[in-house]
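Engineer: Requesting a structural model of the entry that follows:
(2 chains, ligands or ions: 3)
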Amino acid sequence: MNMQNDDTLLQVQGLRTVFETRAGTVCAVDGVDVAVRRGECLGVVGESGSGKSVTFGSVMGLVRRPGRIDAGRILFEGRDLRALTPRQMRAIRGRDIAMTMQDALTALNPALTVGEQLAEVLEAHDEELPRGRAARRRAIRDRAVEMLGLVGIPSPGTRLRQYPHEFSGGMRQRIMIAIALASKPKLLIADEPTTALDVTIQAQVLELISDIRAELGMSVVLITHDLGVVAEHCDRVMVMYAGQVVEQGPTAEVIGQPKHPYTKGLLGSIPRLALRGEKIHPIEGQVPELIDLPAQCRFYSRCRERGVECLQSIAMQDAGPGRQARCIRLNPETVS
Amino acid sequence: MSLARLIERLLQLVPVLLGVSVIVFVMITLTPGDPVEIMIGDQVVTPELEAAMRHDLGLDRPVHERFFVFLGNAVQGDFGESFYHRRPVIDVIAERLPATIELSLVALLIALATAIPLGVLAAIKRNSVLDRLATVGSLLGVSLPGFWFGILLLMLFAVHLQLLPVSGRIGFSSEIEPITHFLLIDTLLRGRPDAFLDALSHIVLPAITLGLPMTAILMRVTRTSMLEVMRQDYVTFAEAKGLARHRVLFRHALKNALIPTVSVAAIETGSLLGGNMIVETVFGWPGLGRLVVESIFVRNYPLVQAAVLFYAVTYVMLNFVADILYTVLNPRVKL
Ligand SMILES: Nc1ncnc2c1ncn2[C@@H]1O[C@H](COP(=O)(O)OP(=O)(O)O)[C@@H](O)[C@H]1O
Ligand code: SF4
Ligand SMILES: [Mg+2]
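Structural biologist: Ligands and ions are numbered 1, 2, ... in the order given. Take a look at the predicted model:
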């Protein structure tokens, strides 16, 4: 990807994140490139296990044992995050890059009140807080109330003193977003913010994220396995499969005219986006085990367009302005 | 914690205490040895005198009758007289209790103060040399017999190095007028730091010996629950907020990880009482445990019965405390 310009907030190049397991080295993220521009919303889609969470967990520097980042550069505003000390990284986490986790039910600490969990992120990052103890405490409380109000929690003042289990799933998702947004980050990574929610609340949460994005001018990475959500909210989309990016480009174009058979399959599996009268056909088969993968297209076993020429490592191919896809068919030299 | 739960707990005590009484009675009856014969020892007494002694202690009645007499008196709070002291057993037990409670509390304190930091460290530095050492150590701590470890400590620190006293609770020269009957407190209240140090030097070895198995258990509980908690999403989310490491570890992880530790500590405190008998005997500690051992030897039935009931009540109450602590520490369980 050669889009490095002043507009680029986050640029990931050749990211490789592996997990050492008993069965072997799991290559969960393998040579992933990502670019996020200021103010844009990037959708990241792919089935479960395709490496979406691990990719952005790597960006946050939150890969835990037995995992580690094996290779790649993660540039945020031009700084290589991998070269930072833990302390420098902590200053960026939560302040410049914030994240909401996939499961709101488990991401909030059951033993701390919502107010405490909101306050601590402000304490850690908000430089505008007054110096005096009492004034500081009041300012933090006011900000916490404001944030809960912003994400639509009724009577935030009393709610601050409650524990996570006293809130519904949708409310907890909102609280997590409030915590993530409390320090006005430049980039919000929202990992499947709607998966656990019912449809109406899903829509509300996504609206909320879009509104705040517009208001703060922040960038959003919206991880989801719902292409419908992407179509509605994202400027660009990146499709992941088996630890690799298989297609990326402007949302409208990727959805209107998918280039990679996997993207086509995904679109085919979503009723409201089914292409012109085509039948809904969920992609058959499963994501392959990410251990000792053979040098061939990773989608090979499930691809309807496969051929012998696919039995080699497949590189990203240009697929129109600002578009790329990882399919041999797009390389004019091999198209027969 | 509701009043209803408390009453429920107290009602649960009834069958427990009844069962314990029956078991103690049966055991005593089945154990060979007769208190009157033991009292007489080598002396020559007439059969009449012996019969009179037996009658005096109520031992001329059949066992079941004795049981119901005991039960009838016990519900009125009368546990009879100690055969040996010829005073109400309650008084004798009350006299010895502070020494045992003090020893148990110090043992508990030592256990908590070593087990929690070690458990946390072992979890943070998982699979490190320290973790392995702590694991082996805790295995030994659980499996070593307490008296053996106690004697080892005695030989090393009291006999060989002569750093600490061999037995007792305090030296003669440090005896003071009791206030609370806890010597570590009383010596300070009386403004006698020298006596405090003396009492401290007496309690160190027995407390370590008594607390060792508990330390080992609590360390393992802390390590396991800390590892479990550190895997949780909320710890990752806390890290994602960019909080300082100590804040993530202590506020987010440890606060949850300690819930099982504290509950287990409360329950295990009950087993400190059992351990007390051996440790108090080894270290000549003038507490309830040693009194019970002595009383068993001389078949001082009333005292043994009362003491065992006391152990049972304490054990059940400590389980109750464990429940309460669990509720207090865990907002999710609050009703
Ligand atoms: N702790 C772990 N240990 C071993 N493998 C892991 C671990 N976490 C993730 N992985 C591997 O990484 C792959 C991608 O996971 P993830 O990024 O969570 O997928 P997604 O978010 O797209 O559903 C998983 O299929 C799994 O093989
Ligand atoms: S490279 Fe071949 S197997 Fe892979 S997606 Fe393209 S056509 Fe299918
Ligand atoms: Mg995921």
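Engineer: and the residue of the stretch 51-200 of chain A nearest ligand 2?
Structural biologist: Residue nearest to ligand 2 within the stretch 51-200 of chain A: residue A:51 (16.9 Å; C-beta to the nearest ligand atom). Every residue, glycine included, has its C-beta placed from N, CA and C.
Engineer: State the next helix or strand along the chain beyond the lowest-mean-pLDDT helix or strand in chain A.
Structural biologist: The weakest-scoring helix or strand in chain A, judged by mean pLDDT, DSSP states H and E, is helix A:199-216 (a mean of 84). Heading C-terminal from helix A:199-216, the first helix or strand you meet, by DSSP states H and E, is strand A:219-223.
Engineer: Next one: residue A:20 from residue A:240, what distance?
Structural biologist: To residue A:240, residue A:20 is 22 Å away according to C-beta to C-beta, to the nearest Å.
Engineer: hey, where'd the strands end up in chain B?
Structural biologist: Using DSSP state E, no strands are found in chain B.
Engineer: Kindly report the residues of it close to chain A.
Structural biologist: Remark: the part of chain B in contact with chain A comprises B:231-234, B:236-245, B:247, B:251-252, B:255-256, B:259, B:329-332, using C-beta under 8 Å from any C-beta of the partner chain.
Engineer: hmm, try it at 10 Å
Structural biologist: Applying C-beta under 10 Å from any C-beta of the partner chain, we find that chain B lies next to chain A at B:126-127, B:229-245, B:247-248, B:251-259, B:329-334.
Engineer: Write the ChimeraX selection for whichever of those are buried.
Structural biologist: Buried residues among the residues of chain B next to chain A (16 or more other C-beta atoms under 10 Å in any protein chain shown), as a ChimeraX selection:
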select /B:229,230,232,233,234,235,236,237,238,239,240,241,242,243,247,248,251,252,253,254,255,256,257,258,259,329,330,331
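Engineer: Narrow the residues of chain B next to chain A to those in helices?
Structural biologist: Among these, the residues falling in helices (DSSP state H) are B:229-230, B:233-240, B:245, B:255-259, B:329.
Engineer: mind listing what whichever residue of chain B sits closest to chain A touches?
Structural biologist: With C-beta to the nearest C-beta as the measure, residue B:242 is the residue of chain B nearest to chain A, at 3.1 Å. Going by C-beta atoms under 10 Å, 6 or more residues apart in numbering or on different chains, residue B:242 touches A:60-61, A:89-98, A:120-121, A:124-125, A:183, A:185, B:248.
Engineer: State the distance from the closest residue to residue B:305 other than its chain neighbours to ligand 2.
Structural biologist: Among residues not flanking residue B:305 along the chain, residue B:24 sits closest, at 5.3 Å (C-beta to C-beta, 6 or more residues apart in numbering or on different chains). Distance of residue B:24 to ligand 2, computed by C-beta to the nearest ligand atom, to the nearest Å: 79 Å.
Engineer: Buried residues of stretch B:13-33, list them for me.
Structural biologist: Across stretch B:13-33, burial judged by 16+ other C-beta under 10 Å covers B:17, B:20-21, B:24-25, B:28.
Engineer: Can you tell me the closest non-neighbouring residue to residue A:201?
Structural biologist: Using C-beta to C-beta, 6+ apart, the nearest residue to residue A:201 is residue A:170, at 3.9 Å.
Engineer: Okay, and the one you found sits in which element?
Structural biologist: Assigned by DSSP H and E, residue A:170 falls in helix A:169-181.
Engineer: From the contact counts, what lies against that helix?
Structural biologist: strand A:97-100, helix A:104-107, helix A:114-125, helix A:133-150, helix A:156-159, strand A:187-191, helix A:199-216, helix B:233-240 (3 or more C-beta pairs under 10 Å, 6 or more residues apart in numbering or on different chains; DSSP states H and E).
Engineer: which residues touch residue B:255?
Structural biologist: A:109-112, B:229, B:249, B:329-330.
Engineer: please redo it, this time with the cut-off set to 7 Å
Structural biologist: residue A:111 (C-beta atoms under 7 Å, 6 or more residues apart in numbering or on different chains).
Engineer: One more: residue B:16?
Structural biologist: Neighbours of residue B:16 in contact, by C-beta under 7 Å, 6+ apart: B:312, B:316.
Engineer: what does the stretch 201-336 of chain A have sitting close to ligand 2?
Structural biologist: The stretch 201-336 of chain A comes close to ligand 2 at residues A:260-261, A:297, A:299-300, A:303, A:305-306, A:310, A:314, A:327-329, as judged by C-beta under 6 Å from any ligand atom.
Engineer: between those, which is closest to ligand 1?
Structural biologist: residue A:299 (15.0 Å).
Engineer: Please report how far that closest one lies from chain B.
Structural biologist: 30 Å (C-beta to the nearest C-beta, to the nearest Å).
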